[in-house]
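1. what's the 3D shape of this:
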Amino acid sequence: MPGYVNNNMIKGGASSVSCVASTTNVITDDIIMSSEDSRNILAYVTFSLVEETNAMTVVLQDSADNGTTWATVQTIAVATTAAVHTVTWLTKANTVAGDYVVIEDTAGDKWAIYADTTGAVAAPTGAIYAAIPAANKAKANISGSTTEADVAAVFETAFNALSGFTTLITTDDTAADGTMTFTQTKGGAVTAPVVKDDDDAGAGTIVGANTTPGAGTLVYQLENNVYGGTDTAVWPRARIVCVCGVADSGTVTSAYVTRRL
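-> Okay, the predicted model is just below:
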């Protein structure tokens, strides 16, 4: 941060502040500053987690009436990328019983389906599969399948039948070639698909990849630079808020305002 020094901090922020959906979340206490300080400041916010779909923003506000009303001084949009995963299946004859695929959402919850090649294959015993809640996993009965497309279609149906899955992740099997995409409905960092055999000894016959890795920018700066520009001075109270739309959320690990010397 050229031109700024952290030991001239006006206000430090608390750690781990949750920003919840459909809410204007205050992530600093009110900052009371002198007129000199208020004319050239930098707000600095760091997230550890970002999930957003509806234009989540970080906002520097000020109040001229002792915190009764707040006006926007600077706004910056939270930037995320929604992950797209690609999973590829083989023909039924080349799919090994018990092989499974795990898809993770932006909150870190896992969803899994395993291959039942006969209609009576037991659930995988691998630790990854066993740790997933029962409501988030099931089998794909591919005993009547033949082609790669057949197998993928059964897996898609099984994933979409899991309670709550389709509100977080959408599937697309229109290629009808054994390849299916899973697209996250929220932007943010996401783990790549996990593919395993029934006891986690190997990767199995299913192939998974992150076609578009999910990401969320975690550091944001909002500058109020009256001396070098035409922005409105912050006076005499300021605060930083995170405005979350429907389904947006995040965790702020630090937030502060500092002044230029």
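2. give me the neighbour count for the nearest residue to residue 240 once chain neighbours are set aside.
-> Distance criterion CB to CB, 6 or more residues apart in numbering; nearest residue to residue 240, sequence neighbours excluded, is residue 28 at 4.7 Å. Any C-beta I mention is one placed from the backbone N, CA and C, and that applies to glycine too. Residues lying near residue 28 (other CB atoms under 10 Å) number 24.
3. how about the one 5 residues further on?
-> Residue 33 is surrounded by 19 other residues when neighbours are defined as other CB under 10 Å.
4. for it, list the residues it contacts.
-> 10, 41, 234, 235, 236, 237, 238, 257, 259 (CB atoms under 8 Å, 6 or more residues apart in numbering).
5. skipping adjacent residues, who's closest to the fifth one in space?
-> Nearest non-adjacent residue to residue 236, counting by CB to CB, 6+ apart: residue 32, 6.1 Å away.
6. mind listing the residues bridging to the one you found?
-> Assessed by DSSP bridges, residue 32 has beta-bridge partners residue 237.
7. now swap in residue 250 and tell me
-> residue 19, residue 50.
8. what's the most distant pair in the contacts of residue 33?
-> Spatially, the most separated pair among the contacts of residue 33 is 237 and 259, at 15.0 Å (CB to CB).
9. can you tell me how far residue 111 is from residue 101?
-> 9 Å (CB to CB, to the nearest Å).
10. settle it for me: which of those two has more neighbours?
-> residue 101 (26 against 22).
11. element containing the more buried one, please.
-> When elements are assigned from DSSP states H and E, residue 101 belongs to strand 100-104.
12. quick one: contacts of that strand?
-> Applying CB under 8 Å, 6+ apart, the external contacts of strand 100-104 come out as 85, 87, 110-115, 124, 126, 128-129, 132, 155, 159, 169, 182, 190-191, 193-196, 198, 204, 206, 208.
13. one more pass at 6 Å, please.
-> 87, 110-112, 114, 124, 129, 182, 190-191, 193-196, 206, 208 (CB atoms under 6 Å, 6 or more residues apart in numbering).
14. now, of those, which are buried?
-> When the contacts of strand 100-104 are checked for burial by 16 or more other CB atoms under 10 Å, the buried set is 87, 110-112, 114, 124, 129, 182, 190-191, 193-196, 206, 208.
15. from these, pick the one nearest residue 36.
-> Among these, and counting by CB to CB, the member closest to residue 36 is residue 190, at 45.1 Å.
16. my guess is that closest one contacts residue 213, does it?
-> No: with contacts counted by CB atoms under 6 Å, residue 190 stays clear of residue 213, the gap being 7.5 Å.
17. so which helix or strand of the chain has the lowest pLDDT on average?
-> The weakest-scoring helix or strand in the chain, judged by mean pLDDT, DSSP states H and E, is strand 4-11 (a mean of 48).
18. closest to residue 97 among the contacts of residue 33?
-> Nearest to residue 97 among the contacts of residue 33, with distances taken as CB to CB, is residue 257, at 59.3 Å.
19. wait, is the closest one part of a helix?
-> No: using DSSP: H, G, I helix; E, B strand; the rest coil, the assignment for residue 257 is strand, not a helix.
20. what residue ranges in the chain score low on pLDDT?
-> The chain contains residues with pLDDT under 70 at 1-15, 225-233, 260-261.
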